[in-house]
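K.L.:
from the sequence below, what's the structure:
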Amino acid sequence: MTDRRQSQRAERVVNLAADVKTLRPSAGALSGLSSAMNSLKSKIARAAQNAVAVIIKNQANQYYFYGELDNLPNAIIQAVDNSGTATACVGRLEQFIKADGFVMEGLDDAKANKMQTLAGLVDDTAASVSYFDGYAWRLIFNAAGDIAKLYSLPIKGLRRERDGFKFNPLFGEFGKQETETVFYPEYDPERTPEERRKLIAEQVLKYGKQLGEVLYVFRKGLGRYYDVYPVPRYYSSIEDVISDGKISQLDLRNITQGFRTPVIISTGPIDDQNQDEDGKTAQDYFDEQLQAFTGEDASPMLHLKGSTEEFKPTVTTINVAEILDQTDRASDRIAKRVARIFEVPDVLIGIAKEGQLGNVQEVKNQMALFALTVYKKQDLIKQGFDLIKDKLKLEGLPLNPDFTLSTLKPFDLIPDAVIANLTPEEQKELFEINLEASQPVTLPGAPIQGSERNDALANLTGRQLQGIQRVVRKFNKEELTYDQAAQLLISGFAMTEEQVGAWLVTKDEEL
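P.N.:
Model (predicted):
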């Protein structure tokens, strides 16, 4: 099944489903409607099949087609970009993968290439990992055979052939020029400096410059040739992503048409042969009347005349309220399915409503699973850096670099309106700021009032200290108001108002 046929099939599913569910004309308006609906249902059953990514190998030149039409990554990007829910999921994944950059101090500012720092490279890489569970880097070498520059390459422009990759930015798209296609050898960590210098000389002779080598890292699957190209796990439900975009188009159509009630117009024969002095037939005038009744600037009324009483047009209306209600329900249902296949909790992309999150434990479980998803994607990026770590000679790179990425706590980004819906006990449980003492850690500079120490602050556990820092960080980012942050610190850590004031200090107050 080709990618284009997949997209067309999913579109037919949405359109056919709309026909079956929303067309409810009055009895006798259309003969044979029941049998037609049954036929439509059978077509939907045949069309609604899960997508399967097909990767084909050309045995003659060992070229691998990325999809039957060699445009699978392009189709994936288009489907995601046309879906508001999928785009929100990808955005959240990118945000959590990048987090606050590398844990190691100074590593973000190292130069990946002339125009980009390592932090910028990770931005591009996180986007690729969010879409494809994989990424590609172009490695440029110095005379000693060490890596002097790193560039991100878009996966949609790479196709594997023999021991390397063809690259063209328009692979899988119309207008691709073969003259723009270049060949990158795959990175081989065991290639000697002499072999690498010879390879660079060949590239300079052919292309006028060094192209370098490509490091291709992705999570391999178990399907046929799924160790050649990355296929994101959500692709098996790509129809849900496409349907989400089609629902938005349906809403736009309803808006532009002013939520007009759909109608079925029945007439007798209309003359489409005999023209008047203006060169128009009766059918032409009838079509013009109907055209004036459609579109964004359509007339609010329609007047139809029959040539005789027998052939007087009849108009059957369809309940638009029911159609809109079904659209709303389908929109929520499909959006939740899209969030699920991307493994992003509903609440992080604004789907879950206030007061409908269930118990705190359920929220924590969802966030914990999302954190595991993010950790796996971050580890994929770290694997790439670790593979080339010994060869990296980038400008500003610290000694013995550790390419571990920082992490964000998923529940730190739960909307404030949702947090406000929780009781103080639920907030403390969710933010893990209970006062149980274990492995106490003395907080430097813990306030002392008079001759008495605040034992709650003097003997904090490591987790409790992290809890305080988390609340302060959210306050500094203006994700919590002063009163909200103060309530959490007072109820969670038994702080006094004076101690709260010492912790919740804005940058302007510090200056």
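K.L.:
got any ranges where this structure has weak pLDDT?
P.N.:
Where the chain drops to pLDDT under 70, the residues are 1-51, 248-263, 293-311, 317-330, 352-363, 410-463, 466, 507-511.
K.L.:
quick one: buried residues of the longest helix seen in it?
P.N.:
Ranked by residue count and defined by DSSP state H, the top helix of the chain is helix 360-388. Using 16 or more other C-beta atoms under 10 Å as the test for burial, helix 360-388 gives 360, 363, 366-367, 370-371, 373-374, 377-378, 380-381, 384-385, 388. Placement of C-beta: from N, CA and C, glycine included.
K.L.:
of these, closest to Ser236?
P.N.:
Thr373 (16.3 Å; C-beta to C-beta).
K.L.:
ok now do that closest one, which residues does it touch?
P.N.:
Applying C-beta atoms under 8 Å, 6 or more residues apart in numbering to Thr373 gives the contacts Leu93, Glu343.
K.L.:
and Phe183, helix, strand or coil?
P.N.:
With DSSP: H, G, I helix; E, B strand; the rest coil as the basis, Phe183 sits in strand.
K.L.:
okay, now it: neighbour count?
P.N.:
16 (other C-beta atoms under 10 Å).
K.L.:
what's the answer for Gly120, then?
P.N.:
Gly120: 15 surrounding residues under other C-beta under 10 Å.
K.L.:
which element is it on?
P.N.:
helix 118-132 (DSSP states H and E).
K.L.:
show me which residues of that helix are buried.
P.N.:
118-119, 121-132.
K.L.:
helices and strands around that helix, which ones?
P.N.:
Applying 3 or more C-beta pairs under 8 Å, 6 or more residues apart in numbering; DSSP states H and E, we find helix 118-132 packed against helix 72-81, helix 84-98, strand 111-113, strand 134-141, strand 147-153, helix 360-388.
K.L.:
quick one: residues in contact with it.
P.N.:
73, 76-77, 80, 90, 93-94, 97-98, 101-102, 107-113, 134-137, 150-152, 154-155, 218, 230, 232, 377, 380-381, 384, 394, 405.
K.L.:
in ChimeraX, select just the buried ones from those.
P.N.:
One line in ChimeraX is enough to select the buried members of these, burial here meaning 16+ other C-beta under 10 Å:
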select :73,76,77,80,90,93,94,97,98,101,102,107,108,110,111,112,113,134,135,136,137,150,151,152,154,155,218,230,232,377,380,381,384,394,405
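K.L.:
from Asp276, how far off is Gln283?
P.N.:
Distance, Gln283 to Asp276, by C-beta to C-beta, to the nearest Å: 12 Å.
K.L.:
neighbour-wise, which of these two wins?
P.N.:
Taking other C-beta under 10 Å, Gln283 and Asp276 do not tie; Gln283 has more neighbours (14 against 10).
K.L.:
domain assignment for this structure?
P.N.:
55-236, 265-316, 423-511 (automatic domain parsing).
K.L.:
nearest to Ala335, out of those domains?
P.N.:
domain 55-236 (4.5 Å).
K.L.:
dump the residue contacts of Phe165.
P.N.:
Ala136, Leu158, Arg159, Phe183, Tyr184, Glu186, Val214, Tyr216.
K.L.:
now render those residues as TSV, adding distance to Ala60.
P.N.:
Output for the contacts of Phe165, formatted as TSV (distance: C-beta to C-beta, whole Å):
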residue	distance to Ala60
Ala136	25
Leu158	20
Arg159	15
Phe183	17
Tyr184	21
Glu186	20
Val214	23
Tyr216	22
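K.L.:
so which of the residues you listed is the closest to Gly350?
P.N.:
Using C-beta to C-beta, the contacts of Phe165 come closest to Gly350 at Ala136, 32.1 Å.
K.L.:
that closest one and Gly212 touch, don't they?
P.N.:
No. At 11.6 Å, Ala136 and Gly212 do not qualify as touching, with contact defined as C-beta atoms under 8 Å.
K.L.:
and Lys393, how far from Lys111?
P.N.:
Lys393 is 11 Å from Lys111, by C-beta to C-beta.
K.L.:
no wait, Asp272
P.N.:
Relative to Lys111, and taking C-beta to C-beta, Asp272 is found at 72 Å.
K.L.:
now the buried residues of helix 118-132 in JSON lines, with distance to Asp287?
P.N.:
As requested, those are exported to JSON lines (distance: C-beta to C-beta, whole Å):
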{"residue": "Leu118", "distance to Asp287": "63"}
{"residue": "Ala119", "distance to Asp287": "60"}
{"residue": "Leu121", "distance to Asp287": "58"}
{"residue": "Val122", "distance to Asp287": "58"}
{"residue": "Asp123", "distance to Asp287": "53"}
{"residue": "Asp124", "distance to Asp287": "52"}
{"residue": "Thr125", "distance to Asp287": "55"}
{"residue": "Ala126", "distance to Asp287": "53"}
{"residue": "Ala127", "distance to Asp287": "48"}
{"residue": "Ser128", "distance to Asp287": "50"}
{"residue": "Val129", "distance to Asp287": "52"}
{"residue": "Ser130", "distance to Asp287": "48"}
{"residue": "Tyr131", "distance to Asp287": "45"}
{"residue": "Phe132", "distance to Asp287": "48"}
